[in-house]
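Student: Next input, structure requested:
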Amino acid sequence: MSVLLKYISQGEHQTQDFKFEINDQKKIARTLAAFGNTDGGRLFIGVKDNGKITGCDPEEEYHMIEGAAELYCTPKIAFESTVHQEGFRQVLEIVVEGNTKRPYKAYDEDGRWKSYLRKDDHTILVNKILYRVWQHQERETARPESFGEEELELLRLFNEVDEITLSQLYRKSNLPMKRVDHWLALFVSWNLVRMNIEETKTTYTVQESARKRLR
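Tutor: From the prediction side, this is the model:
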């Protein structure tokens, strides 16, 4: 089995995506940015979602990817490319490294710069909490030795449920929304709270080590 077929046999997942062809540079830019913001990934052009190889014009598709990476991603996405020959068909492989200059941004449908991430085989818009988490991780924001009543009040809410959404935190907390956003992002960056990102919603769960300290 060829290297290409081995990859295709894995199907689409968090670090791998198939495209029949590239006809929208703005849309594919979001996939490139999502790979860059997560764990990197491989994009195979000339392959249908079901894994069937249809082939492509590698030169034409390369220029589409190049334009997407340069014009519709900020900062510019670096990538490597390989052309695979399978019978009479060619497939272009694009490889993007992850977590290098995060956050990468790409155009959304309204032409605004936004960040995306990769979750399973989906490209998902980054919410404001994760964006702040990345900023804290970049700055290496130090965790204090002890917390004040404001932080403890918010942390105690996690003991009431297994998981909670941001809107639920807003409703249950006596704190202003901006303060909830501020502390939640710090809790995640300090590994006190785990962010559970799904395609349709994001929930938050206190880490067991933090839960024990609140009992």
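Student: what's the distance between residue 16 and residue 170?
Tutor: 36 Å (Cβ to Cβ, to the nearest Å). C-beta: built from backbone N, CA, C; applies to glycine.
Student: Between these two, which has more neighbouring residues?
Tutor: Taking other Cβ atoms under 10 Å, residue 16 and residue 170 do not tie; residue 16 has more neighbours (17 against 13).
Student: Mind listing the residues bridging to that one?
Tutor: Under DSSP bridges, the beta-bridge partners of residue 16 are residue 13, residue 42.
Student: Residue 31 versus that one, what's the distance?
Tutor: According to Cβ to Cβ, residue 16 and residue 31 sit 11 Å apart.
Student: what do these two both touch?
Tutor: residue 43 (Cβ atoms under 8 Å, 6 or more residues apart in numbering).
Student: contacting residues around the residue lying farthest from the centre of the chain?
Tutor: Most distant residue from the mean C-alpha position of the chain: residue 88, 35.1 Å away (Cα atoms, centre = their mean). Under the criterion of Cβ under 8 Å, 6+ apart, the neighbours of residue 88 are residue 55.
Student: Can you check the pLDDT for it?
Tutor: Here the pLDDT value assigned to residue 88 is 95.
Student: Who are the contact partners of the residue positioned nearest the centre of the chain?
Tutor: Per Cα atoms, centre = their mean, the C-alpha nearest to the average position across the chain is that of residue 117, at 1.5 Å. Listed by Cβ under 8 Å, 6+ apart, the contact partners of residue 117 are 34, 37-38, 123-124, 126, 130, 197.
Student: measure residue 118 to residue 153 for me?
Tutor: Using Cβ to Cβ, one gets 34 Å for the distance from residue 118 to residue 153.
Student: how about the strands in this protein?
Tutor: Along the chain, the segments classed as strands by DSSP state E run 16-19, 41-45, 73-74, 80-86, 89-96, 105-107, 113-119, 122-125, 193-197, 202-206.
Student: For residue 143, which of the ones you listed is the nearest?
Tutor: Distances from residue 143 to each of those were compared using Cβ to Cβ; the minimum, 12.2 Å, belongs to strand 193-197.
Student: Mark out where each domain of this protein begins and ends.
Tutor: Per the record, the chain has its domains at 3-125, 128-214, by automatic domain parsing.
Student: Identify, out of those, the most deeply packed stretch.
Tutor: Mean neighbour counts were taken over these using mean count of other Cβ atoms under 10 Å, and the top value, a mean of 18, falls to domain 3-125.
Student: Could I get the contacting residues of the closest residue to residue 162 other than its chain neighbours?
Tutor: The spatial neighbour of residue 162 that comes closest, neighbours along the chain excluded (Cβ to Cβ, 6 or more residues apart in numbering), is residue 205 at 6.6 Å. Under the criterion of Cβ under 8 Å, 6+ apart, the contact partners of residue 205 comprise 158, 162-164, 193-194, 196.
Student: Please repeat the previous calculation with a cut-off of 10 Å.
Tutor: With contacts taken as Cβ atoms under 10 Å, 6 or more residues apart in numbering, residue 205 has the following neighbours: 158, 161-164, 193-196, 211.
Student: again, but for residue 49
Tutor: 11-12, 17-20, 121.
Student: and of those residues, the nearest to residue 201?
Tutor: Comparing the contacts of residue 49 against residue 201 with Cβ to Cβ picks out residue 121 as the nearest, at 17.4 Å.
Student: what's the spacing between the closest one and residue 11?
Tutor: With distances defined as Cβ to Cβ, the gap from residue 121 to residue 11 amounts to 8 Å.
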